[in-house]
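In: Kindly generate the corresponding structure for this input.
(one chain, ligands or ions: 1)
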Amino acid sequence: MVEVPDEQRLVEWLDEICRDVYQRVESLDGGELASYIPELANVDPDRFAIATVTVNGESALTGDHAQLFTIQSISKLLLYGMALETHGRERVMRRAGVAPTGDPFNAIELDEKLHRAPNPMVNSGAIAITDMVEGRDLAERTDNVLSLFERYLGRRPDVDQAVCASEHASGHRNRAIGYLLLDQGIVDDRVAETLDLYFLQCSILVTAADLALIGATIANNGVHPITGDQIVGPKVARDMLTVALTCGMYDYAGEWAYTVGIPAKSGVGGGLVGMLPGVGGLAVYSPRLDEHGNSVRGIRVFEKLSRDFDLHVF
Ligand code: DON
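Out: Numbers count the residues shown, from 1 in each chain. Coordinates of the predicted model:
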């Protein structure tokens, strides 16, 4: 059993741990930048950050923790929480179930029997969830998404317009998914607008420190550790954690749950956030990805910390 120091020494201790694992993982240079969205290949591949925020709002930050990058698929988790909060579980479940797929994140697939997307963390489910963002037009719906992020981050985030344009220009597969959802009556006919909103949510700029704060909020029953704002209710936070554990790492989710055992969500921008219920959020930023679209160093950091500090939830 790992001995956790008292409150006073906690930050120092976390800081030491993060620095140590940073040094041990830094030399790992496998993986490739995401290039299927051309603009994502325009980042320095060596960037690396580790950030932790506890449920009491204490933080330890190492490396490029203030470097902005696009949140990408990690946004799916936040929008899922928003949809549950706004529309309730039953309506959300009519659009996206909770079944891990074992398929790549952008697979063109629906649950034919239940007539819905398999889960909210793959693109089909995420687009079905983004369709649930309320508002009269794209501007109002964008405002709702940015306001949600503002509550988590404590500032209104910027959008990387170059990445957003690149997502838009190369997003034919997502368009195919959107129109399949429309054909099946799962989303309504403002699908082009919903896809624009989906491209925008993926292009929101965050830092590793922001991701750790998001993780700490979800791990804290939906209560923001610094502002005390209840962003999602405890039941919604539990649903977010559960889906993150079973579906957050795409076709690597099974291995992840087995070996690391921490609810987590990754994005092709290189971000990876893990939630330790009742403890805090842990985030890594390193943009070189493996074949599943997960950060190579991110995976290694979590593997090491989970093993060394017995962080597996079971
Ligand atoms: O839908 C897409 O292609 C991206 N904008 C988001 C994908 C993503 O981050 C998947 N991640 N691992």
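
In: can you give me the strands in the stretch 101-250 of the chain?
Out: In the stretch 101-250 of the chain, the strands defined using DSSP state E, counting those that start in this stretch lie at 205-206.

In: Spell out which parts of it neighbour the ligand.
Out: Within the stretch 101-250 of the chain, the positions lying close to the ligand (Cβ under 6 Å from any ligand atom) are Phe105, Asn106, Asn123, Glu167, Asn174, Cys202. In short, each C-beta sits where N, CA and C put it, glycine included.

In: Let's have those residues in JSON lines, adding pLDDT and neighbour count.
Out: What follows is these, written out as JSON lines (pLDDT from 0 to 100; neighbours: other Cβ atoms under 10 Å):
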{"residue": "Phe105", "pLDDT": "88", "neighbour count": "24"}
{"residue": "Asn106", "pLDDT": "89", "neighbour count": "19"}
{"residue": "Asn123", "pLDDT": "97", "neighbour count": "24"}
{"residue": "Glu167", "pLDDT": "95", "neighbour count": "25"}
{"residue": "Asn174", "pLDDT": "97", "neighbour count": "21"}
{"residue": "Cys202", "pLDDT": "98", "neighbour count": "29"}
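
In: Closest to Arg116 out of those residues?
Out: Among these, Asn123 lies closest to Arg116 (Cβ to Cβ), at 13.9 Å.

In: of the residues of the stretch 101-250 of the chain next to the ligand, closest to Arg297?
Out: Nearest to Arg297 out of those is Phe105 (Cβ to Cβ; 19.4 Å).

In: quick one: the most centrally placed residue in the chain and the ligand, what's the gap?
Out: For the chain, the residue nearest the mean C-alpha position is Ile74 (1.9 Å; Cα atoms, centre = their mean). Distance from Ile74 to the ligand, counting by Cβ to the nearest ligand atom, to the nearest Å: 7 Å.

In: what residues are up against that residue?
Out: Neighbouring residues of Ile74 by Cβ atoms under 8 Å, 6 or more residues apart in numbering: Val206, Leu211, Ile214, Lys265, Ser266, Gly267, Gly271, Val273.

In: If anything else comes up later, I'll come back, but that's it for now.
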